[in-house]
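K.L.:
A structural model of the following input is requested.
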Amino acid sequence: QVQLLESGGGLVQAGGSLRLSCAASGSIFSINAMGWYRQAPGKQRELVAVISSGGRTNYADAVKGRFTISRDNAKNTVSLQMNSLKPEDTFVYYCAALGVYSGSGNRLGDYWGQGTQVTVSS
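P.N.:
All right, here's what the predicted structure looks like:
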């Protein structure tokens, strides 16, 4: 069983910063990619940023230059530093572990955190 535990959401004024963190636990040997997605009520979940085990990153255009994703492979953690936040960044943010493998080489699947609310006031 793999679990993702997120922390760091909250309320911030426009122009402020927040840092989201996520720790994956369980019978994990490796994780191909870890990332952050966000979702508004009634809308599809969208990519914010993703980072591979080798450190390659990909960002949504809306957050480039403002958000930075980082990862600690040894600890199975991923963080998202969010700067210059805007009201349009208000979403529930979900941590994702994509391509989780066990020590025996079995692909366990993709896993998601429970979501953390980020609200940016104008």
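K.L.:
Quick check: next helix or strand after whichever strand or helix holds M34?
P.N.:
Using DSSP states H and E, the element containing M34 is strand 30-39. Next along the chain after strand 30-39, taking DSSP H and E as the criterion, comes strand 46-52.
K.L.:
helices and strands around that next one, which ones?
P.N.:
strand 30-39, strand 57-59, strand 67-72, strand 77-82, strand 91-101 (3 or more C-beta pairs under 8 Å, 6 or more residues apart in numbering; DSSP states H and E). Every residue, glycine included, has its C-beta placed from N, CA and C.
K.L.:
Can you lay out the ones you listed as a markdown table showing mean pLDDT, distance to W112 and mean neighbour count?
P.N.:
What follows is these, written out as a markdown table (pLDDT from 0 to 100; distance: least, C-beta to C-beta, whole Å; neighbours: other C-beta atoms under 10 Å):
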| stretch | mean pLDDT | distance to W112 | mean neighbour count |
| --- | --- | --- | --- |
| strand 30-39 | 97 | 8 | 21 |
| strand 57-59 | 98 | 18 | 16 |
| strand 67-72 | 98 | 16 | 18 |
| strand 77-82 | 98 | 12 | 22 |
| strand 91-101 | 97 | 5 | 21 |
